[in-house]
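In: Fold the following, please.
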Amino acid sequence: MTPSRTVTVWPCSWLNRINMSPTPTSWLRDTPTPHDSLRVAFATFGCKVNQYETACMAHQFSSLDWRIVPFTDEADVYVVNTCTVTSHADAKSRAAIRRGLRQKEQRPDVRVVATGCLAQRFPEQIARLGHLELICGNREKTRLFSLLESGHRLVCADISEASVFDEISADKLPGRSRGFLKVQDGCDFACAYCAVPLARGPARSRPLAAVLDQVERLAASGYREVVLGGINLGTWGREWSDGQSLPGLVHQLAAVDGIKRVRLSSLEPQFLTPGFIDELFDCEALAHHLHIPLQSGSDALLSSMGRRYDTALFRRNIEAVRQRQAHTALGFDVIVGLPGETDARFEETLAFLRALAPAYLHVFAYSRRPGTRAATMSDQVHGSVVRERSRTLAALSAELSAAYRQRLLHHRIPLWAVAESEKQGWSTGLSDHWVRVYAGHGDAELAGIPVSERLGGLELVSRRRHDSDVISKTPISEAT
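Out: A predicted model of the protein is given here:
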């Protein structure tokens, strides 16, 4: 959807100094012969939502006979979909833009485009890197091709005024065995450490009809599993008054012909109420895997960071999930080095994680983000301490993952996966319990039970061909 108004970010005097006046680019829509196709390359940083949006932008180009090439290859247009969740993400985004600009120095007809969260928040930083044909914000991704064609140079709508979901879609996601789709954007929570709401705006839900339409098209393209993503996924439907909710959406998508699994990308812990859990797990197609942002196991830090729960609520909701489905793969996000994280508070986090024993951890080092409350807090943690704590949590994650695989083996939990690749007669896929599995015969779908542990990993017994069992010889631990 085109935003109701477009806001340029600088006065004309600044635009003139950096030569950002529009130039015609009608060559974009010229139809080349198949062997002489125009080429576009994408570099994407950050979350799965960004990755999905890149796939949709690539779809815009490929539908007009453009060829998608790796970012390291020669291309006619280089698009960098930036991220600003950490200073490291900022640096990687700027480095990719510079790579595109170096190509432009060698071939002046090359076009360079920057979009995404860094472009949304700090377009002036990007403009100083060199002569880009287009810098646009997150809402403008939906019409990036037309903006580039029209010669607009700087287009950033005020993201804080966004009130509706900006539709962006694709029928196929090249290189993906699962059909990821964005059903929600933005966040209203404003946690002290997080700049994402400043780059993504308020929470907005994608209308049900649009979600169903894309899932039906993905199913028609051969996808059997869909992954629902968003910036704050659990808020889907909450701004409407007709009672729509994420568990209800899962049920409706599971009913689409051809869809066998629905996976959720990430859920804030406070949404996991008993009613929410019951409705969610009543869906037989739900992948038994939930990724939940804990961030800290210290109540003092959760409070100072503006998180909307404490450890007691988090523990209670995790226990409720396990009571309903004991062997669900539960993964936690943890941020190391939040302002005020003393040795004692870090030990609280370690103890809390050991007690809850998730299947894995995603560990992030805190990064000061301009414009956030945490950036101005005085009790910042030294980088060497952050690195040491990160290593401690990485080691703990490895222990937890090994223990989770043991539980699957011990209880002989059935696993299901879409085959992602095949090598030497063995197919592999990421199961609905977030454990990689292997099976023979090259089945498009894998179903079975882990039966033994060898070399530190799982083997899969396939039960799909002729009712005979085939045991994979490849240990799971090599690919998890």
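
In: which residues of this protein fall in helices?
Out: 12-17, 48-62, 87-106, 117-121, 123-127, 144-150, 196-200, 208-220, 246-254, 274-281, 299-304, 311-324, 343-356, 383-411 (DSSP state H).

In: Look up how far Met57 lies from Asn232.
Out: With the distance defined as C-beta to C-beta, to the nearest Å, Asn232 ends up 23 Å from Met57. Where you see a C-beta, it was placed from the backbone N, CA and C, and this is true even at glycine.

In: contacting residues for Phe45?
Out: Residues near Phe45 by C-beta atoms under 8 Å, 6 or more residues apart in numbering: 80-83, 89, 92-93, 96, 116.

In: Leu173: which of those is nearest?
Out: Nearest to Leu173 among the contacts of Phe45 is Asn81, at 14.5 Å by C-beta to C-beta.

In: show me what contacts the closest one?
Out: If you count contacts by C-beta under 8 Å, 6+ apart, Asn81 has them with 42-46, 50, 53-54, 57, 115-116, 141.

In: how about a cut-off of 10 Å?
Out: 42-46, 50-51, 53-54, 57, 93, 96, 113-119, 138, 141, 144 (C-beta atoms under 10 Å, 6 or more residues apart in numbering).

In: what do you get for Ala209?
Out: Contacts of Ala209 (C-beta under 10 Å, 6+ apart): none.

In: Disregarding residues adjacent in the polypeptide, which is nearest to Glu420?
Out: Ser177 (4.3 Å; C-beta to C-beta, 6 or more residues apart in numbering).

In: now do His88
Out: In space, His88 is closest to Ser367, 6.9 Å off (C-beta to C-beta, 6+ apart).

In: same thing with Trp240?
Out: Ser205 (7.0 Å).

In: Kindly provide the distance from the one you found to Trp236.
Out: From Ser205 to Trp236 the distance is 5 Å (C-beta to C-beta).

In: quick one: common contacting residues for those two?
Out: Counting by C-beta under 10 Å, 6+ apart, the residues touching both Ser205 and Trp236 are 165, 183-184, 211, 230, 244, 246, 249.

In: follow-up on the earlier one: out of the helices of the chain, which gets nearest to Val262?
Out: helix 246-254 (5.1 Å).

In: buried sites along that closest one?
Out: 246-251, 253-254 (16 or more other C-beta atoms under 10 Å).

In: Can I get those in CSV including pLDDT and distance to Ala312?
Out: What follows is the buried residues of helix 246-254, written out as CSV (pLDDT from 0 to 100; distance: C-beta to C-beta, whole Å):
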residue, pLDDT, distance to Ala312
Leu246, 98, 24
Pro247, 98, 24
Gly248, 97, 28
Leu249, 98, 29
Val250, 98, 27
His251, 98, 30
Leu253, 98, 33
Ala254, 98, 33
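
In: For Ala357, which residues are in contact?
Out: With contact set as C-beta under 10 Å, 6+ apart, Ala357 has these partners: 318, 322, 330, 399-400, 403-404, 407.

In: Show the model's pLDDT score for it.
Out: We note a pLDDT of 98 for Ala357 in this prediction.

In: Please state the backbone phi and psi of it?
Out: phi 50, psi 70 (degrees, to the nearest 10).

In: Tell me how far it lies from Phe122.
Out: 40 Å.

In: ditto for Ile413
Out: 47 Å.
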